[in-house]
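J.: just to be clear, the model below is a prediction. Sequence and coordinates:
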Amino acid sequence: MTHDEIRAYETIAKCQSWIEEAKPLLERGAKAESALAALQREVALLTEWRPMETAPRDGTLILTLNDDDQYRLCFWYSGQVERYWRMHHSFDSCVPARWLPLPAATEALKKGAVLP
C-alpha cells in the first residue's frame, strides 16, 4: 500500500467519524424542525379568524370582528327569553362576523386572577 493510499484511508476514516459525530446533531435538528412546525401550526390556529358558526356558545369571552372591521370582546348570552352575542361589560348586542379565542391570561383575568 502506498503512502497516498494510506492517507486516503485515514481521510475516509476521519470522514466516517465526523459523520457519526454529526448524526446526533442532525437528529436534534430534525426534532427541532418538527417542534417548530408544530408551534407554527398552533400560532396559525390562534391568529386565524374563524367563522362565527364555530364560536363557543357557553359564555366564553372571545375577540370578535364585525363586517365594519370593529373589534369587540363578546360572549354568547343565553337568558330565559333572549339569546344573542353580547358585548363584554354591556347589555349591548354585537353582530360579529369572525372570532378568535383569547389567550389563557385573559381568561384568568376574567375569572378574577390578579397579575403580579
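T.: Right, received. Where do you want to start? No experiment lies behind these values; they were computed from the predicted model shown.
J.: was I right to think Gly59 contacts Gly79?
T.: No - using CB atoms under 8 Å, Gly59 makes no contact with Gly79, being 11.3 Å away. Backbone N, C-alpha and C define where each C-beta goes, glycine included.
J.: quick one, longest helix in the chain?
T.: helix 3-47 (DSSP state H).
J.: if we can go back for a sec, common neighbours of Gly59 and Gly79, please.
T.: With contacts defined as CB atoms under 8 Å, 6 or more residues apart in numbering, no residue is shared by Gly59 and Gly79.
J.: the domain parsing of this structure - what is it?
T.: 1-48, 50-110 (automatic domain parsing).
J.: just name the most buried of these.
T.: domain 50-110 (a mean of 14; mean count of other CB atoms under 10 Å).
J.: tell me the mean pLDDT for that one?
T.: Taken as a whole, domain 50-110 carries a mean pLDDT of 86.
J.: roughly how far out does that domain sit from the chain middle?
T.: Offset of domain 50-110 from its chain centre (CA atoms, centre = their mean, to the nearest Å): 20 Å.
J.: now stretch 47-56
T.: The answer for stretch 47-56 is 15 Å, by CA atoms, centre = their mean.
J.: could you do stretch 13-22 as well?
T.: For stretch 13-22, the distance to the chain centre is 38 Å (CA atoms, centre = their mean).
J.: before we move on, what about stretch 18-35?
T.: Worked out by CA atoms, centre = their mean, stretch 18-35 lies 25 Å from the chain centre.
J.: could you export it as PDB, CA atoms only?
T.: This file holds the C-alpha atoms of stretch 18-35, laid out as PDB (Å, rounded to 0.1, in the frame of the first residue of the first chain):
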ATOM      1  CA  TRP A  18     -17.300  13.100  11.600                       C
ATOM      2  CA  ILE A  19     -20.500  11.600  10.200                       C
ATOM      3  CA  GLU A  20     -21.000   9.500  13.300                       C
ATOM      4  CA  GLU A  21     -20.400  12.600  15.500                       C
ATOM      5  CA  ALA A  22     -22.800  14.700  13.400                       C
ATOM      6  CA  LYS A  23     -25.700  12.200  13.500                       C
ATOM      7  CA  PRO A  24     -27.000  13.200  16.900                       C
ATOM      8  CA  LEU A  25     -26.800  16.900  15.900                       C
ATOM      9  CA  LEU A  26     -28.800  16.100  12.700                       C
ATOM     10  CA  GLU A  27     -31.400  14.200  14.700                       C
ATOM     11  CA  ARG A  28     -31.700  17.100  17.200                       C
ATOM     12  CA  GLY A  29     -32.100  19.400  14.200                       C
ATOM     13  CA  ALA A  30     -34.900  17.300  12.800                       C
ATOM     14  CA  LYS A  31     -36.600  17.200  16.200                       C
ATOM     15  CA  ALA A  32     -36.300  21.000  16.500                       C
ATOM     16  CA  GLU A  33     -37.700  21.500  13.000                       C
ATOM     17  CA  SER A  34     -40.600  19.200  13.900                       C
ATOM     18  CA  ALA A  35     -41.300  21.100  17.100                       C
END
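J.: before I go, just wanted to say thanks for your time.
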